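Asks: got a structure for you, letters missing:
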């Protein structure tokens, strides 16, 4: 099913999304990769607040290239999500609900998604220039020393994504493979 979604990704909204849905996302998202996630989780372990409110937030696993003159941001393709698997359950436990990336997730992340009504959106790897066109505003929030991995706030319009894993743990990577194999058995 095709859905046009305006963020934030509330628990109620997350529960309306199902593995396999095509989603066009509009609203504020944040960017972070493994170095930023590590820093945020260390801050939480020390009892410190994050540099943004994670409640109902969606985090895009991306390290964009620098913007050329006249551009908001450079190429912004997804990073392999497995690099954030050690941190994703902690981030969801403090309110982050959506994750955008590419690739499979560990069972611990899927269990956290079920517990906290999380949603994992897949972005097309190799389409960073196309995805960058959906980004209308970009600003560094913190961790500027991390360069491409700095924590950024982006405003996106109609960002094309697919729900890979929904809040019930349904996984398109598994169901899609099973459906394909069922069709092509002799």
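Replies: Perfect, I can see it now. None of the values given here were measured: they were computed from a predicted structure.
Asks: Please make it C-alpha for all contacts and neighbour counts, starting now.
Replies: OK.
Asks: surely residue 61 meets residue 78?
Replies: Yes - between residue 61 and residue 78 a contact is recorded at 5.7 Å, counting by CA atoms under 8 Å.
Asks: got any residues that touch both of those two?
Replies: Jointly contacting residue 61 and residue 78 under the rule CA atoms under 8 Å, 6 or more residues apart in numbering are 100-101.
Asks: quick one: contacts for the spatially closest residue to residue 157 that is not a sequence neighbour?
Replies: Excluding the flanking residues, the one nearest residue 157 by CA to CA, 6 or more residues apart in numbering is residue 26, at 4.3 Å. Applying CA under 8 Å, 6+ apart, we find residue 26 in contact with 4-7, 155-159.
Asks: Can you select the buried ones from those residues in PyMOL?
Replies: Buried residues among those (16 or more other CA atoms under 10 Å), as a PyMOL selection:
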select buried, resi 5+7+155+156+157+158+159
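Asks: The contacts of residue 26 in helices, which ones?
Replies: With helices taken from DSSP state H, there is no overlap with these.
Asks: Pick out the most distant pair among the contacts of residue 26.
Replies: 4 and 155 (15.1 Å; CA to CA).
Asks: if we can go back for a sec, is the residue nearest to residue 157 within a helix or a strand, and which one?
Replies: Assigned by DSSP states H and E, residue 26 belongs to strand 22-31.
Asks: same deal with residue 113?
Replies: Using DSSP H and E, residue 113 sits in helix 107-116.
Asks: contact partners of stretch 12-20?
Replies: With CA under 8 Å, 6+ apart as the criterion, stretch 12-20 contacts 1, 97, 117-119, 162-168, 170-172.
Asks: Can you give me the end-to-end span of it?
Replies: With CA to CA, to the nearest Å as the measure, stretch 12-20 spans 18 Å from end to end.
Asks: That one: how far from the chain's middle?
Replies: 14 Å (CA atoms, centre = their mean, to the nearest Å).
Asks: What average pLDDT does that stretch get?
Replies: Taken as a whole, stretch 12-20 has a mean pLDDT of 97.
Asks: just the strands in the protein please.
Replies: Using DSSP state E, the strands of the chain run over residues 2-6, 22-31, 58-60, 98-101, 119-122, 135-142, 151-165.
Asks: rewinding a little: need the pLDDT of the residue nearest to residue 157.
Replies: On the pLDDT scale, residue 26 gets 98.
Asks: any weak-confidence spans in the chain?
Replies: When residues are selected by pLDDT under 70, those of the chain lie in 176-180, 186.
Asks: Now with 90, please.
Replies: Within the chain, the ranges that satisfy pLDDT under 90 run 1, 124-130, 173-186.
Asks: picking that back up, tell me the strands beside the strand holding residue 26, with direction?
Replies: Pairing partners of strand 22-31, with direction, according to DSSP bridges: strand 2-6 (parallel), strand 58-60 (parallel), strand 151-165 (antiparallel).
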